[in-house]
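>>> Pasting the sequence and the predicted coordinates here, then a few questions.
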Amino acid sequence: MELKKFRKKSPWILHYNTGSCNGCDIEILACLAPKYDLERFGILNRGNPKQSDILLVTGPVTKRAKERLLRLYFEMPEPKVVVAVGACACTGGVFRHMYNVENGVDSIIPVDVYVPGCAARPESIIDGVVKALEILEKKKKEIELPPYCKVPEGEKLNRRKLLERCLEVINAGRRS
Amino acid sequence: MNWEALVFTLFSPVIGGFIYGLERVVRARMQGRVGPPVLQPFYDFLKLMDKRSIVIHSFHAFMGIMYLVGTWFSLYVLLSGGDLLIAIFFHVLSLAFLVVGGFSVRSPYSILGAMRELLHMVAYEPLYVLTAAGLYLVTGTFQISEILNSNEVPLFVLPLVFVSILLSLPTLLKKSPFDIAEAHQEIIGGPEIEYSGKFYEAVYTAKWIEYVYVFFLIFLFGGGNHLLGAFLVLFAFFFFNLLDNVTARVNFRQMVAFHWYVLIPLVVINLMLLALWRG
Amino acid sequence: MEKVIYSLFLLPWLLALLVFVSPFHRLRQLITFLSFPILTYLSFKVWNLKLPLFITPPEWVNLAVTLFDYGLLLYFLYQGIKFRNFLVSVLAAAQLFLLSWVLLIIPHGETPPIYVDGLTTFMYFIVATVGSLICIYATKYMEQEDLDRENRFVAALLWFLGVMNFAVSVNNVEWFFALFETTTLASYVLIRFRWDSVSISNALQALWMNQIGGIAILLALLFGIKYYSVYSFTDILKVNPAVTSMIPLGFLAIAALVKGAQMPFHRWLLGAMVAPTPVSAILHSATMVKIAPYLILRLSPVIKGTLLAKLLIVTTGFVFVSAGLLALTQDNFKKILAYSTISLLGLMMLTASMGSPTAVLASLLLILFHAVVKALLFMEAGVIEKLFKAKYIEEIRRLVEKAPITVVFISIGFMSMTIVPYGIFMAKWLTLEEASNFLSHGAYVGSIIFIATGSVILTLLYFKVIGVMTRKRGEFMRFKLEKLPFIYLSTAGLLALFTIVGSIFIAHLSADFVNAVVASISSSPAPVKASGLTLITPLSEVYGWQIIGAFILLLIVPIFAYFVHFPEVDRVYEYTCGERVETTLGTYNFFCVSQVEPLIETAAVALFIITLVLGGGLI
Ligand code: SF4
């Protein structure tokens, strides 16, 4: 479809902090400020999952944040991409293997682009977002599911049921 | 049937989209940024077409569409040259859809936003009614088509009215300092928060149409002098962008108080003095 | 001819008697139902008579009215003593004294005491249709409340209709006083109907407040006889206010303000809600409070343009706004309706005191549509109370899931008071355009501000309530229509239908029907014309397509909401920042307004006194 072209022309951002030290968050905001001016690419920070295309996640995903992260992810309409910003979000960073964190965003939701750095520099964040846009253009409109959340064949579940199912899995700690 | 008005109404989303695109560029330049391309709103529009739709419930989604239809219709009522007061009240009708839609979901932000939307109405509505009375005083008619053909220029005799309309533009368009119904940092868009995909698109487009609606009201102040009217529209455009950039949000009491205790008296002084002068 | 008029007074009384004595519920329902066609038919007959009509009843009636007066006042005095209410007894005693004085000095006039003109017939129509529909509704309502006392209740309502018919057709102010006090009695009896302590104290409050109106009428009568020795409405209309004293007119206007529950005398109407809901319906819509705008309309040709009229505009306009503001702070559904009645009564009197033909037309349209809509709303309030056990806004939350039909009716009622194509809006529009002609007069500029502000506040109020009702849970899928008893459905449906049809044909309604009434009040009809559905005024026009378009927009909503479900589309939860929280969502309570309530009331008292003192020419 021709319409796909426009996906990368107007990506709207949802920024979620899963327990970061705020270093990466400040860099993300710096991207939106005059010096780097992400709005050049039509990027807006909507702060609203229902109208966003890109989920920028910072932080190592604390135990309390994981459920919220999943809910926000499910509230975003497809096609959507997830960008993990900062070392924490990629792997857990300095917090890795602590008792209260989940070691990175990809343990909860599928991640498309990893932006390294502690804190990630605005340039690399922009680079990551632009990479994400390329991925966004190729995405399909089917509901995306985290890998640990399998739906048996032939079972038709609506979006809400799927969310419940996934929440059950992460809360039970039965992740492969 | 007024064909000119009909065509203009049909194309109003395009015009409104351009105005919005320009606004984003102007605002970016005022902040020392480059800003998005002028066509950005249309890119947004086309992207939203491509999204998977999600809704809270059907009634809510449907009210978003009704808001678009209602606004469109109220713009046609305005442009077709009928009664100015009726056109103003039709605008209330279209907002009612947004408000009822906002109220119909159990979302705190949406409900707060809808309530604030009503408070916006409380603030600016009396002002616009008085303005209509003022335009009648000057041009001797409530019919918009005749106001646009009259020999009088309302701006020259109603300067205070124009100033107060200018200052209440942000209330109508929900821009800072009177953007309390939308308040992105606070209630994340208010009544429009729960819309997404195609349904948000309807709300988004309706807002462009509102731009046309509002700037046409400004245009009326030029009266028969259409060049002046166009200049006023341009001026108002830059003025409210400037205002949007340099002010912070006030709370709803301050907003209503500002409209009721500052702007309405200004208008009344202007109207009464003029009426007394003309005997 | 006279027989038709007499039967309009006496038939409701006869029916009331029949209802009172008949032993079976079905029979009572049947008799009550008869009142609707009979009264409507009689009103039509009067409409087709050659108006205006003067009738002189036999001499003994005059004596009977006087005796009735004394009996009534003595009864009030007795009630005051029985319930140890100082105000009631003192006011009753004062009225007894003033009445005797009036009877001493009253001259013998030749003017017939009964006068039937367009305005009277207009009121007959409202009483016949809206009033009897409420009575029919009441039979069902009482069946669910207390079947044993149904006969008394419905009989009282029917009797009230007759009284109201009588009250709007008298010419003699002394008779008018008698009927004014009879409506007071009726409201007293009806409010007290449940016989608990709250009901009794509210009924006594209504009694003493309304007696102040009675005193005002008696004073008007005294001064009228003293200054220009007339005591009939038609004679008062002939005096020239420029050369004579305004005092009688001022007192009559005060009586209207009291009867119309204008602030500061608004408490009694609020108190009336303790009675069964049909009482509120009948007090607020067809009868009782409508005497207030009726009285001002009667006087409007004389007071037009005087200081009194201008002060009335300011006072009632102020009430229009502030009653709306105070309604925002309420959380009881019936109280909200009561406040909005007070507010709209203010608007009716405002337009009536403007007095120009267009304004009078607006006032009549307001009276008509307000009667219909308020009856509808109170009926629905009763339905909510009886079937869904809800009284407060908190309790009607998410009503649309349980009772979509009721919600649609309530929404029609609410919207018709503010939103664009409905009759009440049209009346406001006419008034605004009329007032724009007099921008050099403070009162008229004030009226524009009041109307604009007041109507937008009412919009805020109604949408606040609609918002609470239409809220739905996310899990909600499709509407199930509730089962309403046939009587509830049909009476409310008729009223809603009238609101919509009347608003669509507003042009013809006002140009052909109501304008004839306008012509009988002020000397000339209002300069409005109808062509098709388009209403044409000298300044401007409302096109038929605008009205139809707005109605289509509004009617699409319930229809689509019922049929369209987007079954294929994904559903998500509301955005709550990713948290799973159980939210309890209320609505704004406008505490900031309740803080200034004393100030508002003080201002209302001040305006009231100013109207009396300056407008009545007491200085
Ligand atoms: S990556 Fe570094 S700067 Fe970013 S959130 Fe983690 S610790 Fe903070």
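Perfect, I can see it now.

>>> so A:Val56 sits in a strand?
Quick fix: residue A:56 is Leu, not Val. Yes - counting by DSSP: H, G, I helix; E, B strand; the rest coil, A:Leu56 falls inside a strand.

>>> and it, what does it touch?
Applying Cβ atoms under 8 Å, 6 or more residues apart in numbering or on different chains to A:Leu56 gives the contacts A:Ile13, A:Leu14, A:His15, A:Tyr16, A:Ile28, A:Val83, A:Val85, A:Ile125, A:Val129. The C-beta positions use only the backbone N, C-alpha and C, and glycine is treated the same way.

>>> Then B:Pro159?
Here B:Pro159 is in contact with B:Asn270 (Cβ under 8 Å, 6+ apart).

>>> Distance check, it against B:Phe219.
Distance from B:Pro159 to B:Phe219, counting by Cβ to Cβ, to the nearest Å: 17 Å.

>>> swap in A:Ala119?
Taking Cβ to Cβ, one finds A:Ala119 at 50 Å from B:Phe219.

>>> tell me the domain boundaries of the chain?
Assuming you mean chain A. According to automatic domain parsing, chain A comprises the domains A:3-143, A:145-176.

>>> not what I meant, chain C
Per the record, chain C has its domains at C:1-56+C:112-171, C:302-554, by automatic domain parsing.

>>> ranking these by burial, who's on top?
Across those, averaging neighbours per residue (mean count of other Cβ atoms under 10 Å in any protein chain shown) puts domain C:302-554 on top, at a mean of 22.

>>> What's the end-to-end length of that domain?
End-to-end distance for domain C:302-554: 42 Å, by Cα to Cα, to the nearest Å.

>>> How far away from the center of its chain is that domain?
11 Å (Cα atoms, centre = their mean, to the nearest Å).

>>> Report the rounded mean pLDDT for it.
Averaged across domain C:302-554, the pLDDT comes to 85.

>>> If you count neighbours, what's buried in the strand or helix carrying B:Val25?
Assigned by DSSP states H and E, B:Val25 belongs to helix B:3-30. For helix B:3-30, a neighbour-count test (16 or more other Cβ atoms under 10 Å in any protein chain shown) marks B:5, B:8-9, B:12-13, B:16-28 as buried.

>>> of the residues you listed, list those near the ligand.
Checked against the ligand using Cβ under 6 Å from any ligand atom, the buried residues of helix B:3-30 give no members in range.

>>> just so I have it, where are all the strands in the chain?
Let's take chain A. A:12-17, A:44-45, A:54-58, A:81-85, A:113-115 (DSSP state E).

>>> that's the wrong chain, I wanted chain C
C:53-55, C:114-116, C:529-531, C:534-536, C:541-542, C:570-571.

>>> now check stretch B:136-144, is it near chain C?
Yes - using Cβ under 8 Å from any Cβ of the partner chain, stretch B:136-144 reaches chain C at B:Tyr136, B:Leu137, B:Thr141, B:Phe142, B:Gln143.

>>> Could you list the residues of the stretch 451-600 of chain C in contact with chain A?
Counting by Cβ under 8 Å from any Cβ, the stretch 451-600 of chain C sits next to chain A at C:Asp570, C:Arg571, C:Val572, C:Tyr573, C:Tyr575, C:Cys577, C:Gly578, C:Glu579, C:Arg580.

>>> Of those, which one scores lowest on pLDDT?
C:Gly578 (74).

>>> Could you check how far that one is from A:Leu163?
Separation of C:Gly578 from A:Leu163 (Cβ to Cβ) stands at 11 Å.

>>> got any residues that touch both of those two?
Shared contacts of C:Gly578 and A:Leu163 (Cβ under 8 Å, 6+ apart): A:Arg71.

>>> Is C:Ser411 in contact with C:Gly467, as I believe?
No - taking contacts as Cβ atoms under 8 Å, C:Ser411 lies outside contact range of C:Gly467: 10.7 Å.

>>> For the closest residue to C:Gly260 other than its chain neighbours, give its distance to B:Leu95.
Take C:Gly260 and drop its neighbours on the chain: the residue closest to it by Cβ to Cβ, 6 or more residues apart in numbering or on different chains is C:Ala292, 2.8 Å away. Separation of C:Ala292 from B:Leu95 (Cβ to Cβ) stands at 33 Å.

>>> show me what contacts C:Ala220?
So C:Ala220 contacts C:Val173, C:Ile247, C:Pro248, C:Leu249, C:Gly250, C:Phe251, C:Leu252, C:Ala255 (Cβ under 8 Å, 6+ apart).

>>> do that again at 6 Å, thanks
Contacts for C:Ala220 were tallied using Cβ atoms under 6 Å, 6 or more residues apart in numbering or on different chains; they are C:Pro248, C:Phe251, C:Leu252.

>>> Grab the nearest non-local neighbour of the first one.
What it means is C:Pro248. C:Gly224 (3.9 Å).

>>> Give me the neighbour count for the one you found.
C:Gly224: 25 surrounding residues under other Cβ atoms under 10 Å in any protein chain shown.

>>> Run a quick check on it versus C:Leu249, I expect a contact.
No - between C:Gly224 and C:Leu249 there is no contact under Cβ atoms under 6 Å: 8.7 Å.

>>> contacting residues around the residue in the stretch 501-619 of chain C positioned nearest to chain A?
Relative to chain A, the nearest point of the stretch 501-619 of chain C is C:Gly578 (3.2 Å; Cβ to the nearest Cβ). By Cβ under 6 Å, 6+ apart, C:Gly578 lies in contact with A:Arg68, A:Arg71, A:Leu72.

>>> A:Ile125 now?
A:Cys31, A:Val85, A:Val115.

>>> What is the nearest of those residues to B:Leu166?
A:Cys31 (34.6 Å; Cβ to Cβ).

>>> can you tell me how far the closest one sits from C:Phe438?
60 Å.

>>> Mind checking which of the contacts of C:Ala220 are buried?
Buried residues within the contacts of C:Ala220, counting neighbours by 16+ other Cβ under 10 Å: C:Pro248, C:Phe251, C:Leu252.

>>> Need phi/psi at the spatially closest residue to A:Gly59 that is not a sequence neighbour.
In space, and not counting its chain neighbours, A:Gly59 is closest to A:Ser20: 3.1 Å by Cβ to Cβ, 6+ apart. Dihedral angles of A:Ser20 (phi, psi; degrees, to the nearest 10) stand at phi -80, psi 170.

>>> contacting residues for the closest residue to chain B within chain C?
For chain C, the residue closest to chain B is C:Gly467, as judged by Cβ to the nearest Cβ, at 3.0 Å. Residues near C:Gly467 by Cβ under 6 Å, 6+ apart: B:Phe103.

>>> How about chain C: which residue is closest to the ligand?
C:Gly578 (18.5 Å; Cβ to the nearest ligand atom).
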